[in-house]
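> how would this look folded up:
(one chain, ligands or ions: 1)
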Amino acid sequence: MFKALQGLRPAGKLLREVDVNNLPRHVGIIMDGNGRWAKKRGLPRSAGHRAGAQNLKTISEFAGEMGIRYITAYAFSTENWKRPKAEVDALMQLLLDYLRDRDQLAGKNVSIRVIGDRSALSDEINHEIDVVEDYTKDRDGMVLYLAINYGGRQEIVRAVNELCQNVREGTLSPGEVTEAMLSARMYTDEVPEADLIIRPSGELRLSNFLLWQSAYSEFWFSDINWPDFTTRDFTRAILEYQNRNRRFGGV
Ligand code: FPP
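Numbers count the residues shown, from 1 in each chain. Model (predicted):
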């Protein structure tokens, strides 16, 4: 499998150090620093988001070839509506363009799924999400979850409300709620919890991303802005993850 990757610069030699038997199953990525990337080049912020979207394809294709099964990428948070309308519109247009250009978004053998509160998204975007999910559903490579209008707290509240509804209907007693019941009601119910969360651009916070799924995640931070984050940086994050001692609360 790695043969196909060896030619991929700039990951180069570093790749040989990766232990394919100890890959994170699920990697979360906070695609931060697009605005700063654009500013440094005298470009509008939307150009940074466009470069960021392009990079998501590069990294997810690379990760898939490496053998990583799931990536969740934070594309738009429930708080991002607070940005200037022009930027929100540009981000929504970018999402629409990419969803329409299915192969550009997904890359080879990647299947796309969207998580988040879709009720606030336009009919056009919702339609394209349905189309792209269906178009890529039979692919057996990596699954790329795009978090759009996603917030970890919103996801947990939604799960709690579903359980309250069960109590109201008499199918669940209030004292019987378990972690497994909540897990099963997260958007990512079919996916292992996030083993590794990557946040470039120098910020050291989670920003409401995968709150439930990150209880035992390893974190990898760097100063690189997301559009500049390369396959080599991704490989470095994987290698560092493989050197961590994960104890899950044990000794
Ligand atoms: C944070 O960078 C990034 C976002 C709020 C949006 C991320 C979205 C994309 C990369 C586009 C996704 C689109 C597709 C089609 C997958 P920032 O704007 O906060 O950067 P800054 O902190 O440097 O200002």
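> Stretch 102-115: end-to-end distance?
Distance across stretch 102-115, first residue to last, is 17 Å (CA to CA, to the nearest Å).
> quick check: mean pLDDT across it?
Across stretch 102-115, the average pLDDT comes to 83.
> again, but for stretch 52-60
Stretch 52-60 comes out at a mean pLDDT of 94.
> how about it: buried residues?
Buried residues in stretch 52-60, defined by neighbour count with 16 or more other CB atoms under 10 Å: 52-53, 55-57, 59-60. For the C-beta atoms, the positions are set from N, CA and C on the backbone; glycine is no exception.
> Over to stretch 233-243?
So for stretch 233-243, counting by 16+ other CB under 10 Å, buried means 233-238, 241-242.
> Now intersect those with the helices, please.
233-238, 241-242 (DSSP state H).
> With pLDDT as new columns, can those be given to me in JSON lines?
Listed next are those as JSON lines, based on pLDDT from 0 to 100:
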{"residue": "233", "pLDDT": "97"}
{"residue": "234", "pLDDT": "98"}
{"residue": "235", "pLDDT": "97"}
{"residue": "236", "pLDDT": "97"}
{"residue": "237", "pLDDT": "98"}
{"residue": "238", "pLDDT": "97"}
{"residue": "241", "pLDDT": "97"}
{"residue": "242", "pLDDT": "96"}
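> any chance of the buried residues of stretch 233-243 in a markdown table, with distance to residue 121 too?
Below are the buried residues of stretch 233-243 laid out as a markdown table (distance: CB to CB, whole Å):
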| residue | distance to residue 121 |
| --- | --- |
| 233 | 30 |
| 234 | 28 |
| 235 | 34 |
| 236 | 34 |
| 237 | 30 |
| 238 | 32 |
| 241 | 33 |
| 242 | 37 |
